[in-house]
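Participant: missing the sequence, but the structure's below:
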């Protein structure tokens, strides 16, 4: 069966970047001007919906030597209010297909958790003697301290099936 390409099927991806030069210290002279004037602030916001992943059997049943997929017997998508790290999707929506037959679960039909980040940076260039400059930078990544996770285990029949075990 046809389906999405794993990892590369991200339905939504939004990035917003804002840069602003702070107006502090413009009217000052000397050392005060050197310390306060010319600071720039940059904010980068990043949101993407979860990447696609495939449900595979934990053991091969088609006798082809590779991973195969089970049958889908129900709706695997849970409402967002019911999703947890221990149960990201409805694991009861899958069943083993008969031995030596291909299952009907589409590849890449499931999606992991979304990724959210807000990064900050503050910088200033200081002129030195001649044509040399020094840049001062303060940076904070994932400033909102939002936990981001990789997709859950899609290995049907394993103990961690449907469980998110890794941060991203």
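Facilitator: Thanks, I have it. These numbers were taken from a predicted model, which means no experiment stands behind them.
Participant: how about residues contacting the lowest-mean-pLDDT helix or strand in the chain?
Facilitator: Lowest by mean pLDDT, DSSP states H and E among the helices and strands of the chain is helix 30-36, with a mean of 82. With contact meaning Cβ atoms under 8 Å, 6 or more residues apart in numbering, helix 30-36 is reached by 24-26, 28, 126. Quick note: C-beta positions are derived from backbone N, CA and C, even for glycine.
Participant: Serialize those to CSV and add fields for pLDDT, secondary structure and neighbour count.
Facilitator: Converted to CSV, the contacts of helix 30-36 look like this (pLDDT from 0 to 100; DSSP: H, G, I helix; E, B strand; the rest coil; neighbours: other Cβ atoms under 10 Å):
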residue, pLDDT, secondary structure, neighbour count
24, 84, coil, 13
25, 82, coil, 15
26, 83, coil, 11
28, 86, coil, 13
126, 83, strand, 12
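Participant: closest to residue 17 among those residues?
Facilitator: residue 24 (21.6 Å; Cβ to Cβ).
Participant: separation between that closest one and residue 38?
Facilitator: Using Cβ to Cβ, to the nearest Å, one gets 9 Å for the distance from residue 24 to residue 38.
Participant: surely residue 92 is within a helix?
Facilitator: Yes: Residue 92 forms part of a helix when assessed by DSSP: H, G, I helix; E, B strand; the rest coil.
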